[in-house]
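**Student:** need a 3D model of the sequence below.
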Amino acid sequence: MANGSSERSSLFAKAISGFGAAVGGFDAGVLVAHGAAKRSLANGKAVRGFDTMIQRGEESLRGLSAKNLKPAYLILGDDAWMRDSFVARLRDLAVPAEWRDMNSETVWAVGTPESGAADLAQTQPFGSPRRFLLIRGIETYRGAKAESGEGGAEEKPKRRSRVKAGESPLAAYLGSPSPGTTLAMTVERWDSRKKWEDDELFQAVEAVGTVVNCRRPRGEDLRSWISVMAASLGVKLDPGAVRELVERTGDDTQLLEREMEKLACYASPEASVTAEDVIALTGETASVNVFHFLDTLFVERNPARALGLLSGLLRDNHPLKLHAILASQLRKIVALKAGLAEGLPASVVAGRLRLPPYLADQLALVARRTRPRRFALLLRALSEAETALKRGRDGRDVLEALVFECCK
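**Tutor:** Take a look at the predicted model:
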């Protein structure tokens with residue numbers, strides 16, 4: 001067995017052994033068979049987390065100025081609002097308004113060969129010191145499907161094999177970029193499973209420009225974002241209104257902005273918007289988000305809200321699938337607690353578990369405030385729930401009982 005596998009098995013085994021002793025008579029072998037040890041830590045060495053390699057969208061946006069523009073920007077992530085805000089600001093800084101018609105160009109990768117995009121980047125500005133080129137849907141060049149032109153129609157281009165080292169025209173262009181061009185490239189369909197840091201284009205941008213992570217805010221960060229955005233629109237939201245807005249709209253920041261603009265037209269400057277106002281003016285557009293459910297369950301420990309979210313998730317997911325998601329999240333918390341008990345920094349353990357920083361901070365809080373005996377009881381409850389589901393028990397009843405157990 002590789003060193004990394006040995007270390008993660010050892011860490012998890014120590015945690016389970018301690019929890020078993022705390023609860024008395026707990027069979028750790030059930031969990032090992034359940035696959036916990038195999039999936040807990042990613043490797044035995046500290047890894048450079050993806051989120052630490054690149055700048056967050058809001059940090060990059062604050063740092064932009066006409067004097068320090070880079071030759072290239074690669075904008076990744078699932079926050080379309082931040083992505084579009086960053087691109088708009090970059091365009092405004094790169095080209096004066098009076099020259100924008102002649103020196104600002106947007107193309108979609110799905111309709112433009114990569115060699116053609118590289119040629120466009122070499123085009124010199126006219127009448128302005130700099131020109132701006134935006135290539136949208138850059139994932140098309142990496143072999144992924146992407147959206148088509150700005151009309152929103154969808155095409156299904158042929159899948160390409162991953163571009164080999166030395167074969168990317170844009171990466172070659174970035175070896176000696178044009179001093180008169182600010183190049184921005186966006187990912188329109190974000191897949192967090194894709195390892196962009198291993199990509200030739202990612203590395204080429206990192207060498208001469210900036211890679212930006214436009215990640216959607218979640219949990220407390222999302223609620224803070226809503227409050228700040230509402231204040232900028234002149235709207236006061238009470239805490240209940242913020243919660244209701246998230247539950248009805250989800251974490252799509254573009255949609256949230258539109259709903260808050262609607263509330264701004266309704267609300268008086270003196271009064272705060274309430275949850276009842278949000279219900280009256282906002283349609284239910286959110287699909288139930290698994291991460292919101294997990295946040296409510298493990299971080300907030302709010303059974304009433306968790307049961308409501310569970311009901312929505314059960315409409316589209318098999319109970320065993322939801323059980324597996326719960327088990328996976330709890331294993332990460334257990335592994336995180338084990339790593340912290342070993343004296344490892346939370347950031348190192350989070351890197352091994354491949355947890356984004358915002359989630360690692362929340363789960364570390366859960367891990368620290370939860371006693372080993374409580375984890376043992378939860379792990380046992382998960383094992384018993386899986387057995388009940390596989391024996392044909394009603395999935396809703398089993399998972400609702402599990403929600404109450406997790407929220408104790």
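**Student:** where are the low-confidence patches of this structure?
**Tutor:** The chain contains residues with pLDDT under 70 at 1-59, 143-166, 192-194, 283-291, 355-359.
**Student:** can you tell me which residue is spatially central in it?
**Tutor:** Centroid check for the chain by C-alpha atoms, centre = their mean gives Arg215 as the closest residue, at 5.2 Å.
**Student:** so where do the strands sit in the stretch 101-250 of the chain?
**Tutor:** Using DSSP state E, counting those that start in this stretch, the strands of the stretch 101-250 of the chain run over 104-108, 131-136, 181-186, 210-213.
**Student:** quick check, distance from stretch 362-381 to the centre of its chain.
**Tutor:** How far stretch 362-381 lies from its chain's middle: 24 Å, per C-alpha atoms, centre = their mean, to the nearest Å.
**Student:** now swap in stretch 97-105 and tell me
**Tutor:** 33 Å.
**Student:** and the contacts of it?
**Tutor:** Residues from elsewhere that reach stretch 97-105, judged by C-beta atoms under 8 Å, 6 or more residues apart in numbering: 91, 94-95, 120, 125-128, 130-134. The way it works is simple: take the backbone N, C-alpha and C, and place the C-beta from them, glycine included.
**Student:** how about it as CSV, C-alpha atoms only?
**Tutor:** Extracted C-alpha coordinates of stretch 97-105, given in CSV (Å, rounded to 0.1, in the frame of the first residue of the first chain):
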residue,chain,number,x,y,z
ALA,A,97,-15.3,54.3,-23.9
GLU,A,98,-14.8,56.3,-27.1
TRP,A,99,-12.6,53.6,-28.7
ARG,A,100,-14.5,50.5,-27.4
ASP,A,101,-16.4,49.8,-30.7
MET,A,102,-13.2,49.4,-32.6
ASN,A,103,-11.0,47.8,-29.9
SER,A,104,-13.2,45.5,-27.9
GLU,A,105,-14.1,42.1,-29.3
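**Student:** buried residues, it. List them.
**Tutor:** Within stretch 97-105, the residues scored as buried using 16 or more other C-beta atoms under 10 Å are 99, 103-104.
**Student:** what of stretch 383-395?
**Tutor:** For stretch 383-395, a neighbour-count test (16+ other C-beta under 10 Å) marks 383, 385-386, 388-389, 395 as buried.
**Student:** restricted to buried residues, select the contacts of stretch 97-105 in ChimeraX.
**Tutor:** Here is the ChimeraX command that picks out the buried ones among the contacts of stretch 97-105, judged by 16+ other C-beta under 10 Å:
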select :91,94,95,120,125,128,130,131,132,133,134
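**Student:** redo the contacts of stretch 97-105 as CSV? Include distance to Leu344.
**Tutor:** Listed next are the contacts of stretch 97-105 as CSV, based on distance: C-beta to C-beta, whole Å:
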residue, distance to Leu344
Arg91, 44
Ala94, 44
Val95, 48
Leu120, 48
Pro125, 51
Phe126, 56
Gly127, 57
Ser128, 52
Arg130, 47
Arg131, 49
Phe132, 45
Leu133, 44
Leu134, 42
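**Student:** follow-up on the earlier one: now, of the strands of the stretch 101-250 of the chain, which is deepest in the fold?
**Tutor:** The highest mean neighbour count among the strands of the stretch 101-250 of the chain, using mean count of other C-beta atoms under 10 Å, belongs to strand 181-186: a mean of 25.
**Student:** elements contacting that strand?
**Tutor:** Secondary-structure packing of strand 181-186 (3 or more C-beta pairs under 8 Å, 6 or more residues apart in numbering; DSSP states H and E): strand 72-76, helix 80-94, helix 114-122, strand 131-136.
**Student:** run the chain-centre distance for it.
**Tutor:** Between the centre of strand 181-186 and the centre of its chain there are 23 Å (C-alpha atoms, centre = their mean).
**Student:** so which residues of the stretch 301-408 of the chain form helices?
**Tutor:** If DSSP state H, counting those that start in this stretch is used as the criterion, the helices of the stretch 301-408 of the chain fall at 303-316, 319-341, 346-353, 357-369, 372-390, 395-406.
**Student:** quick one, the fifth one and helix 395-406 angle?
**Tutor:** I take that to be helix 372-390. On the basis of axes from the mean of the first three to the mean of the last three C-alpha atoms, to 10 degrees, helix 372-390 is oriented at 180 degrees to helix 395-406.
**Student:** and the angle from helix 372-390 to helix 319-341?
**Tutor:** If you take the same axes, to 10 degrees, helix 372-390 sits at 160 degrees to helix 319-341.
**Student:** now do the contacts for Glu257.
**Tutor:** So Glu257 contacts 81, 229 (C-beta under 8 Å, 6+ apart).
**Student:** sorry, wrong one. I was asking about Trp225.
**Tutor:** Counting by C-beta under 8 Å, 6+ apart, Trp225 has contacts 217, 253.
**Student:** mind doing that once more with 10 Å?
**Tutor:** 58, 79, 81-82, 216-218, 242, 251, 253, 256-257 (C-beta atoms under 10 Å, 6 or more residues apart in numbering).
**Student:** okay, now the domains of this structure?
**Tutor:** Structural domains assigned to the chain are 3-45+290-406, 50-213, 220-281, following automatic domain parsing.
**Student:** name the residues of stretch 220-239 that are buried.
**Tutor:** Neighbour counts using 16+ other C-beta under 10 Å place 222-223, 225-227, 229-230, 235-237 of stretch 220-239 among the buried residues.
**Student:** turn those into TSV, including distance to Val273.
**Tutor:** Shown next, in TSV, are these (distance: C-beta to C-beta, whole Å):
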residue	distance to Val273
Leu222	17
Arg223	14
Trp225	16
Ile226	11
Ser227	11
Met229	13
Ala230	8
Val235	6
Lys236	6
Leu237	5
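**Student:** which two in these are spaced the farthest apart?
**Tutor:** Taking C-beta to C-beta as the measure, those span a maximum distance of 17.9 Å, between Leu222 and Lys236.
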